[in-house]
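1. What shape does this take:
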Amino acid sequence: MSQRRAAIVLAGAMLLAAATNAQAIATPMLIAGGQLDPAFPGADVYIGKPASPAVPATPACAMAERYVGMINAGKYAEVAALYADTATFLEPMRPTLRGRAEIDAFYTSRIGAMAPKIAAVSYLGNDRECVVALALEAPIAGQPRWVLVSADHFILGADGRIASMTAFARPARN
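-> Predicted coordinates:
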């Protein structure tokens, strides 16, 4: 095949792929929690409130579910009390919090000032560890919408309290 013909075939394939991708974006994508709104291709914005997932009957996922409920109830000091005295909280874009004093200050000051509303969209875990995917209610285009924002990994200690939590923020989809 000549180079010119190969270039034409490649260009045609690229146009077809772009058209197929544009078509896929115009259709809502189904993910954990429900469908994403195709009107917002650069963000994981749900159409409506995400559906509540089944919670595995494990201690770690029960703790993660309790955490979500307490955040939504505005019980930030009680959220901090879920952590062990020597716990760590890692959010990769911020300094690691170590110990209850730092964790308590984070929840009562920073999270308390934001008063977020979150929804769990999936849980995966066992007795000691649970990963929960979270959506956040946020104003988008002048309306409250739900956006997939993070996957939080909880690890329980022998005492049943949170020994470590890592929050993995989701990057914007492009």
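2. Please state the offset of stretch 157-164 from the chain centre?
-> 22 Å (CA atoms, centre = their mean, to the nearest Å).
3. Over to stretch 111-131?
-> On CA atoms, centre = their mean, the centre of stretch 111-131 falls 8 Å from the chain's centre.
4. what does stretch 156-174 give?
-> 10 Å.
5. likewise stretch 125-140?
-> Counting by CA atoms, centre = their mean, stretch 125-140 comes out at 5 Å from the chain centroid.
6. now what about it, what contacts it?
-> With CB atoms under 8 Å, 6 or more residues apart in numbering as the test, stretch 125-140 has contacts from 32-33, 40, 43, 45-46, 50, 56, 58-61, 63-65, 68, 116-124, 144-156. Every C-beta, even on glycine, is put in place using the N, C-alpha and C of the backbone.
7. I'd like to know which of those are buried.
-> Buried by 16 or more other CB atoms under 10 Å: 33, 40, 43, 45-46, 50, 56, 58-61, 63-65, 68, 118-124, 145-156, out of the contacts of stretch 125-140.
8. Give me the three-state assignment for the residue most central in space within the chain.
-> For the chain, the residue sitting closest to the mean C-alpha position, by CA atoms, centre = their mean, is S150 at 2.2 Å. Secondary structure, DSSP: H, G, I helix; E, B strand; the rest coil: S150 is strand.
9. Quick one: residues contacting it.
-> By CB under 8 Å, 6+ apart, the neighbours of S150 are A133, L134, A167, F168, A169, R170.
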